[in-house]
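>>> Sequence first, then the predicted structure, then my questions.
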Amino acid sequence: MNTGSFGSKNLNELKNYTWAGVVSFLNEQCKSNEMEKTQWLVEKKQYTERIAQLEGELQASEAVNKDLVRRVKMLEFSLRQERIKYAKLTGGHHRVNSDVISTILSRGEKNSDSIGQNLPKRRTRAHRQLLSKYLQELGLEDIFTGDLPPRQIHHRPSKSYGSNLQALVELPAETEISPIQKSDTLKINLIEEKPAKKSWEMKIALKSHMDVVRSLHFAQKEGILASASEDCLIKLWDISQYETFNENTQCESYYSLRGHKKPILTMTGNIIGEEQLLYSAGEEGIIRVWELLPPKDVNAYGPSPDKNYCVGVWESHSEAVWDLKHHPVDGLVLSASADGIVKLWKTVDTTTSIENWKSGKSSANLLRNFTYPTANGENFHIPTCTAWLVTELNSFVVGYTTPYLNIFDKQTGKPSIIRFVKENDIHDKINQINCIATSTNSNMAVCGHEDKHLRFFDINSCSCVKDLVGHTDSVSSLWMSGNYLVSGGHDGSLRFWDVRTYQCLQEIPAHRKKYDEGVLFICQHPSFNLMASAGADSLVKLYNII
Amino acid sequence: MQKLRRNRPGTKRSELWNWPLEEYSNMSGPFAVQEYIQELIRANPSDIKKIIEPPPDVDISVWQYEHMRQFILELNLLVVYLENICTMTTCPKMKATDEWLYLCASHKTPQECSAIDYMTHTLDHATALIQNSKNFNSRVSVPPTSIKYLVSIVRRLYRLFTHTYYHHREIFTEFEKEFCLCARFTEFVLRFDMMQAKLFSIPSHALQCSKV
């Protein structure tokens, strides 16, 4: 009976297993297996990514460690020096002294050797302790806890011109190192380096120009970028929301300034001050002054304004104007033209209101002409670019098609000439200076040349201190910020340099070529972590530090 | 060796773009089409047949696209020439002949704009349209399906000429003498059949620019 009931039950169960049921069950199993498999694969991918990320982080922290060890060695060296001094001062007997010194030296060498051997590896905890010990001895134990606090930023008149690339930290002078040498001070210049992995990356390409973009200007207060192009237009961009931009963002220019009838070659703007003005010029030789209006005040698709945004037309140059530069502090603008003259113009300052100034004649704004001093009056030295010396606000540098550099005093007009190539090459345009950048914290100017070179000049001694090949084609634009320099070339790339070591830190391919031109302009935002480049491919590109 | 095609800082006006005209087949850069078109225009703006006729091995869509960019570029100059001549007071409405009043289509709902506003709005709108990454992602290859967007703006851009012709004849003549832009535009639209023939309201004798 048992068997019978069992058998019938079995039979009942078997009845449930129809072919269709079995097949669908197997199908389901198969499907769920597949799904699990894909889930696993996804997880696996996530884990590999995580591993790669962690490895990257590890590498970065190793680089930081390496750097810290280097600093330890530096501090250690100075400590040894101090100990030697101390021993010399306190010890009466010469023999004892030398003994003390030799023991200290040998101990120090042993230490530094051991550091040197283990330097690249991951066992840095021990070094960290050693480091903190040394720092304690120096009374500086807090400088490496957390981020380096900028105790005292280099203060210069040009601070507002400032930079976020640069952070030269100077330790306070009252740091005591020895009970005896109270009057002595220790100054260590620590350079706050960006963590190794940080670099500039492209954020967005701004498309609106129809031809080569020649110049850019960031307005100080509002998040506005102005771009000037050979299509005779100046476009204004609202970049205040740049952090939210990604490659799919359609950032349209919010206004076009129309007025030039020929290609615009250069543009500048005031860096500080209430009134935001733009100055543009080009093939026509006419300088136009524009009111720079924020997005809230203009509407590209609204009725035309009852006033003209072009507030000044300065006609004085007889040839194309190639460079305009606004003074970093005062209301002054320089213009360099192919007619051989650099002109100094007066703009709005504290003594004149903008309304009065607008009504003035263009001749009233022209202060002075500067020409290359030649004996026979024949002027074949054509200025190509200018730059104000940020460290000597009364002077500016002018570069020429002939390979000379001139430093003018804006009040006296007195020039001092820097020559750096042989006399017989002066008519060869291959040597010409295309662009100049001046340093904000030392008396230095950097020139970008048609012959692909970057040349660094010491203004005090009027001499070339470094000459290196900067790009694979002519250097067309430069931007300097503290100890960092950005150069753009007709090879279409941007390069980032450390001017203390003359090392190239990074290279980005930026713009494609139209004719034989690539990158035409670079500039950095005065306060945002933002860089912009303009190119022959009609594009403006924005970069930030990733 | 080929002369370096570059405008170095310090170049005098007469020396700008001063390099020999190159055949399209010898050009290799990514923007060869634009370079070629601009060189033809600089060489002789009145030789419109040569400027419009595509060279044998060119991508026809890119050819049309680059021409459209050039038209917008130069039409922006026409607006500069009309500055202080065509204003809200002289032309409060966008008209060619008195027959039609054109509404400005650059807004969500088309609206009556003054003539000068119509022109700037149309140009800014057309610029945004042909720079839009969705339809014109690359200047090296333009999908033929995107050409319809060019066709859509041709009619409105033509009205910039008609308004100038019927209301500011001296400017039209002066501008046409220098750029031959209307003649070139007409030739282009006819060549690629982008507009109905009856819409060309500027008589052809007005387009006989100083042919050399």
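On my side now, so go ahead.

>>> Any regions of chain B where pLDDT drops low?
With pLDDT under 70 as the threshold, chain B has low-confidence stretches at B:1-2, B:208-212.

>>> Please confirm that B:His125 is located within a strand.
No. Note on B:His125: no strand contains this position according to DSSP: H, G, I helix; E, B strand; the rest coil, which reports helix.

>>> ok, it to chain A distance?
B:His125 is 8 Å from chain A, where distance means C-beta to the nearest C-beta, to the nearest Å. Yep, even glycine has a C-beta here, placed from its N, CA and C like the rest.

>>> From B:Leu157, how far off is that residue?
To B:Leu157, B:His125 is 10 Å away according to C-beta to C-beta, to the nearest Å.

>>> Then A:Val397?
A:Val397 is 46 Å from B:Leu157, where distance means C-beta to C-beta.

>>> who's more crowded, these two?
Neighbours per residue, other C-beta atoms under 10 Å in any protein chain shown: of A:Val397 and B:Leu157, the larger number sits with A:Val397, 23 against 19.

>>> so which strand or helix has the more buried one?
Assessed by DSSP states H and E, A:Val397 sits inside strand A:395-400.

>>> buried sites along whichever helix or strand comes after that strand?
Next helix or strand after strand A:395-400 toward the C-terminus (DSSP H and E): strand A:404-409. By neighbour count, and taking 16 or more other C-beta atoms under 10 Å in any protein chain shown as the criterion, the buried residues in strand A:404-409 are A:404-408.

>>> just checking: which of these also lie near chain B?
For chain B, no contacts are drawn from the buried residues of strand A:404-409 by C-beta under 8 Å from any C-beta of the partner chain.

>>> closest to A:Asn27 among the residues you listed?
Using C-beta to C-beta, A:Leu405 is the member of these that sits closest to A:Asn27, with 81.2 Å.

>>> Find the nearest non-adjacent residue to that closest one, please.
Sequence neighbours aside, A:Ile418 is the residue nearest to A:Leu405 in space, at 4.2 Å (criterion: C-beta to C-beta, 6 or more residues apart in numbering or on different chains).

>>> ok, now which ones touch that neighbour?
Shown here is A:Ile418, whose contacts under the criterion C-beta atoms under 8 Å, 6 or more residues apart in numbering or on different chains are A:404-407, A:457, A:462-464.

>>> switch the cut-off to 10 Å
With contacts defined as C-beta atoms under 10 Å, 6 or more residues apart in numbering or on different chains, the neighbours of A:Ile418 are A:397, A:399, A:403-407, A:445, A:447, A:455, A:457-459, A:461-464.

>>> Kindly provide the distance from it to chain B.
Remark: distance between A:Ile418 and chain B (C-beta to the nearest C-beta) = 18 Å.

>>> before we move on, what SS does that residue have?
Under three-state DSSP, the three-state class of A:Ile418 is strand.

>>> Please name the bridge partners of the closest residue in space to A:His511 that isn't next to it in sequence.
Beyond its immediate neighbours in the sequence, the residue positioned closest to A:His511 (C-beta to C-beta, 6+ apart) is A:Gly535, lying 2.7 Å away. A:Gly535 has these beta-bridge partners by DSSP bridges: A:Val519.

>>> Tell me, what's the model's pLDDT at A:Gly535?
As predicted, A:Gly535 sits at a pLDDT of 93.

>>> what's it in contact with, if anything?
With C-beta under 10 Å, 6+ apart as the criterion, the residues that contact A:Gly535 are A:205, A:209, A:212-214, A:476-477, A:488, A:490, A:492, A:494, A:510-514, A:517-522, A:541.

>>> what's the pLDDT at A:Val213?
On the pLDDT scale, A:Val213 is placed at 95.

>>> any idea how far the nearest residue to it once chain neighbours are set aside lies from A:Ile382?
For A:Val213, ignoring the flanking residues on the chain, the nearest one in space by C-beta to C-beta, 6+ apart is A:Ala534 at 3.7 Å. In this structure, A:Ala534 lies at 23 Å from A:Ile382, with C-beta to C-beta as the measure.

>>> helix/strand/coil for B:Lys134?
Look at B:Lys134: counting by three-state DSSP, its state is coil.

>>> For it, give me its contacts.
A:248, A:250, B:146, B:149.

>>> could you flag which of those residues are buried?
A residue is treated as buried here by neighbour count (16+ other C-beta under 10 Å); on that basis the buried members of the contacts of B:Lys134 are B:146, B:149.

>>> Can you tell me which of the contacts of B:Lys134 is nearest A:Val42?
Within these, the smallest distance to A:Val42 is 24.3 Å, found for A:Asn248 (C-beta to C-beta).

>>> Check what pLDDT the closest one gets.
Among the per-residue scores, A:Asn248 holds a pLDDT of 75.

>>> likewise A:Trp322?
pLDDT, A:Trp322: 95.
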